[in-house]
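just coords:
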């Protein structure tokens with residue numbers, strides 16, 4: 001938690017290099033606990049060799065923050081989170097969709113999700129999504145709340161441009 005606070009305060013220095021998207025995804029998932037990894041349902045539809053230009057450490061940190069946000073929003077510790085990975089816009093962009101069955105209640109909460117230190121959870125600082133957005137944007141991508149529906153849950157969309 002203190003590391004996240006320090007990361008927020010410091011300037012963001014990304015050392016980007018071309019990397020295979022599947023490798024970056026696997027590296028991020030290896031950093032999850034066994035319990036977290038067991039709760040992810042994966043749907044990856046990108047061609048082998050799909051390159052993104054990223055700072056692997058930072059992008060892994062951002063993806064983990066988004067996934068942990070979805071885990072923590074769950075109503076139970078058994079609720080699964082779906083991670084769908086696609087190439088979109090004529091394969092010019094990598095899209096990561098993180099879906100949770102939980103519903104983000106309240107318009108104010110939805111508007112403030114990416115604000116520093118805003119949280120609905122007692123044990124958090126409210127920096128995970130803020131830092132994730134900062135990292136995705138530093139790589140020419142972004143993260144946004146795509147949908148929140150009481151009947152279908154919540155979905156965040158993360159985008160990263162393809163290398164080359």
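Done, it's in. For clarity, every value in this text was computed on a predicted model and none was experimentally measured. Residues are numbered from 1 along each chain as shown.

in this protein, what helix or strand scores lowest on average pLDDT?
Across the helices and strands of the chain, mean confidence by mean pLDDT, DSSP states H and E is lowest for helix 2-9: a mean of 56.

immediately after it, which helix or strand?
Per DSSP states H and E, the first helix or strand lying C-terminal to helix 2-9 is strand 17-20.

packing partners for that following strand?
Applying 3 or more CB pairs under 8 Å, 6 or more residues apart in numbering; DSSP states H and E, we find strand 17-20 packed against strand 51-54. The C-beta positions use only the backbone N, C-alpha and C, and glycine is treated the same way.

and the helix or strand following the strand it packs on, what does it pack onto?
Where DSSP H and E defines the elements, the next helix or strand beyond strand 51-54 is helix 56-73. Helices and strands touching helix 56-73, by 3+ CB pairs under 8 Å, 6+ apart, are helix 21-30, helix 34-38, strand 81-88, strand 93-100, helix 128-138, strand 153-161.

got the angle between the third one and helix 56-73?
When you say that, I think you mean strand 81-88. Relative orientation of strand 81-88 and helix 56-73, computed by axes from the mean of the first three to the mean of the last three CA atoms, to 10 degrees: 140 degrees.

check what contacts strand 81-88 and list those residues.
Strand 81-88 is contacted by residues 21, 25, 39-47, 50, 67, 70-71, 74, 93-100, 159, 162 when judged by CB atoms under 8 Å, 6 or more residues apart in numbering.

residue 157 is in contact with residue 95, correct?
Yes - assessed by CB atoms under 8 Å, residue 95 is found in contact with residue 157 at 6.3 Å.

just for the protein, where's the confidence low?
Along the chain, segments meeting pLDDT under 70 span 1-11, 75, 104-106, 109, 118, 122.

what's around residue 49, how many residues?
Neighbour count of residue 49, defined by other CB atoms under 10 Å: 8.

and for residue 62?
Residues lying near residue 62 (other CB under 10 Å) number 29.

that one touches residue 136, doesn't it?
Yes - taking CB under 8 Å as the contact criterion, residue 62 and residue 136 are neighbours in contact, 5.8 Å apart.

which residues do these two both contact?
Counting by CB under 8 Å, 6+ apart, the contacts common to residue 62 and residue 136 are 143, 158.
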